[in-house]
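Enquirer: Have a look; sequence and predicted model below, questions after that.
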Amino acid sequence: MPDHAAVRLVADTRLRGVAGPLPVRTYWPEATRTAPMLVFLPADGIERADALCRAVCSGAGMVVLCVSYRKPLWPDGQCDAILATEWAADHARELNADPDRLLLAGEGVGAELATAVASHARERGWPPLVHLTIGELLDHAHDR
């Protein structure tokens with residue numbers, strides 16, 4: 001895993017969710033140029049995904065928004081994942097990220113949510129959204 005120093009900033013915030021605050025953690029790469037943005041839906045919460053999010057942020061040079069979602073996954077978690085992805089698209093520029101390079105990935109049950117969000121996006125005609133598996137995401141971070 002890359003050194004923690006390769007991540008410029010990490011911030012915990014809460015989005016306005018439909019059932020109350022929705023915790024998210026944002027990671028910024030060292031480079032200050034506008035970067036792609038990844039919305040990441042972890043299997044076991046944002047704390048347990050910290051090392052992975054840092055590795056992707058520093059290795060791939062991406063802004064990473066790690067989302068904590070509610071259980072049960074359907075419909076609560078799906079609603080949270082859609083809300084967070086919409087928020088990321090709407091606020092990408094404020095986060096020094098490129099809204100035209102928005103990626104979505106998940107791990108474990110988060111991967112199921114990512115697939116549901118990608119389908120939702122296609123059905124509603126959202127701008128293109130790149131949906132990655134965790135393996136593709138790690139390969140991208142490693143290859144960079």
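Expert: Yep, it's here. Numbering: from 1, shown residues only.
Enquirer: burial count for the residue lying closest to Ala49 once chain neighbours are set aside?
Expert: Leaving aside its sequence neighbours, Ala49 sits nearest to Pro42 (CB to CB, 6 or more residues apart in numbering; 3.5 Å). Quick note: C-beta positions are derived from backbone N, CA and C, even for glycine. By the criterion of other CB atoms under 10 Å, Pro42 has 25 neighbours.
Enquirer: list the contacts for Pro42?
Expert: Arg48, Ala49, Leu52, Cys53, Cys66, Val67, Ser68, Gly106, Glu107, Gly108, Gly110 (CB atoms under 8 Å, 6 or more residues apart in numbering).
Enquirer: separation between the fourth one and Val7?
Expert: Separation of Cys53 from Val7 (CB to CB, to the nearest Å): 9 Å.
Enquirer: Find the centremost residue of the chain, please.
Expert: The residue lying closest to the centre of the chain (CA atoms, centre = their mean) is Val39, at 1.6 Å.
Enquirer: so who does Ala105 touch?
Expert: Applying CB under 8 Å, 6+ apart, the residues near Ala105 are Leu38, Val39, Phe40, Leu41, Ala111, Ala114, His131, Leu132, Thr133, Ile134, Glu136, Leu137.
Enquirer: Confirm that Arg48 sits in a helix.
Expert: No - counting by DSSP: H, G, I helix; E, B strand; the rest coil, Arg48 is located in no helix; its state is coil.
Enquirer: State the distance from it to Met37.
Expert: Arg48 is 21 Å from Met37, by CB to CB.
Enquirer: on that earlier part again, list residues touching both of Cys53 and Val7?
Expert: Tyr27.
Enquirer: who has more neighbours, those two?
Expert: Cys53 (22 against 19).
Enquirer: Only the buried residues of the host helix or strand of that one, if you could.
Expert: Using DSSP states H and E, Cys53 falls within helix 50-60. For helix 50-60, burial by neighbour count (16 or more other CB atoms under 10 Å) applies to Asp50, Leu52, Cys53, Arg54, Ala55, Val56, Cys57, Ser58, Gly59, Ala60.
Enquirer: which stretches of this structure have low pLDDT?
Expert: Along the chain, segments meeting pLDDT under 70 span 1-5, 140-144.
Enquirer: Helices of that one, residue ranges please.
Expert: With DSSP state H as the criterion, the chain has helices at 50-60, 78-91, 109-123, 134-143.
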